[in-house]
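Novice: structure for this input, please:
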Amino acid sequence: MATGKAIIFSAPSGSGKTTIVRHLLGKFPELGFSISASTRDKRGRTEQHGKDYYFLSPEEFKKKIDEDAFIEWEEVYEGNFYGTLKEEIQRLWNEGKHVIFDVDVKGGLNLKKYFGDRALAIFVKVPSMDILKDRLKDRGTESEESLSRRLYKAKFEMSFEDKFDVTIVNDSMDKSFAEAEKLVGEFLSK
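Specialist: Okay, here's the model as predicted:
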């Protein structure tokens, strides 16, 4: 069985972790993106099955839980399940890649525990809750109810920052990109 390293980016929704991960994938060809499984609906027309997520029905997801197919999984929002498939990690390792994750905070902590010393767990946060609220509003994908739910969850998730190896405060994308590149470069060269 092939193995590699795991780089875990976690943050409350809207903190910029996905943008940072996409940037790193362009800078480090040795990284492969771990595609999560999810029961949520696709956002807009741009998201694709097998590229952005493995979109599963709740029944398919629950069957995979019963088959012990996940490293970690959870119900992030009521009725919306997310998880990391064991076969996805093995696929990337078989390609000779190290795995980079873009996951919520609880998923990130579960992955950190699973991979142990082979993992670098990075927490991304915004300078303030007001900035986070503006970023989520600017997406144009949130109803008032979902915005409120995400902000409430973000406050809770911020309390787990100290459980991660390092924090990036995303007040400037350029600064965050540079900091992330340095952290990942150093970790991969160990």
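
Novice: can you pull the pLDDT of the closest residue to residue 139 other than its chain neighbours?
Specialist: Leaving aside its chain neighbours, residue 139 sits nearest to residue 14 (7.2 Å; criterion: C-beta to C-beta, 6 or more residues apart in numbering). Using the backbone N, CA and C atoms, a C-beta is placed for each residue, glycine as well. We have a pLDDT of 79 for residue 14.

Novice: burial count for residue 14?
Specialist: Burial of residue 14, expressed as a neighbour count using other C-beta atoms under 10 Å, amounts to 23.

Novice: OK, contacts around it?
Specialist: Neighbour list for residue 14: 126, 132, 135, 136, 139, 150, 154 [criterion: C-beta atoms under 8 Å, 6 or more residues apart in numbering].

Novice: same deal with residue 50?
Specialist: With C-beta under 8 Å, 6+ apart, residue 50 has these contacts: residue 35.

Novice: repeat that for residue 169.
Specialist: 125, 126, 127, 176.

Novice: hmm, residue 168 and the second one touching each other?
Specialist: Put plainly, it is residue 126. No: the pair residue 126 and residue 168 does not pass the contact test of C-beta atoms under 8 Å, sitting 10.3 Å apart.

Novice: by mean pLDDT, which helix or strand of this structure comes out lowest?
Specialist: helix 129-139 (a mean of 79; mean pLDDT, DSSP states H and E).

Novice: against residue 133, how distant is the residue nearest to residue 139?
Specialist: 8 Å (C-beta to C-beta, to the nearest Å).

Novice: need the residues touching each of the two.
Specialist: Common neighbours of residue 14 and residue 133 (C-beta under 8 Å, 6+ apart) do not exist.

Novice: break down this protein into its helices, ranges please.
Specialist: Remark: helices assigned in the chain by DSSP state H are 17-27, 58-66, 86-94, 105-115, 129-139, 144-158, 173-189.

Novice: compute the inter-axis angle for the longest one and helix 17-27.
Specialist: Yep, that's helix 173-189 we're talking about. Here the directions of helix 173-189 and helix 17-27 differ by 60 degrees (axes from the mean of the first three to the mean of the last three C-alpha atoms, to 10 degrees).

Novice: one step back: wait, which of the helices of the chain is closest to residue 4?
Specialist: Closest to residue 4 of those is helix 86-94 (C-beta to C-beta; 4.8 Å).

Novice: which residues touch the closest one?
Specialist: With C-beta under 8 Å, 6+ apart as the test, helix 86-94 has contacts from 1-4, 6, 32, 34-35, 37, 54, 69-71, 98-99.
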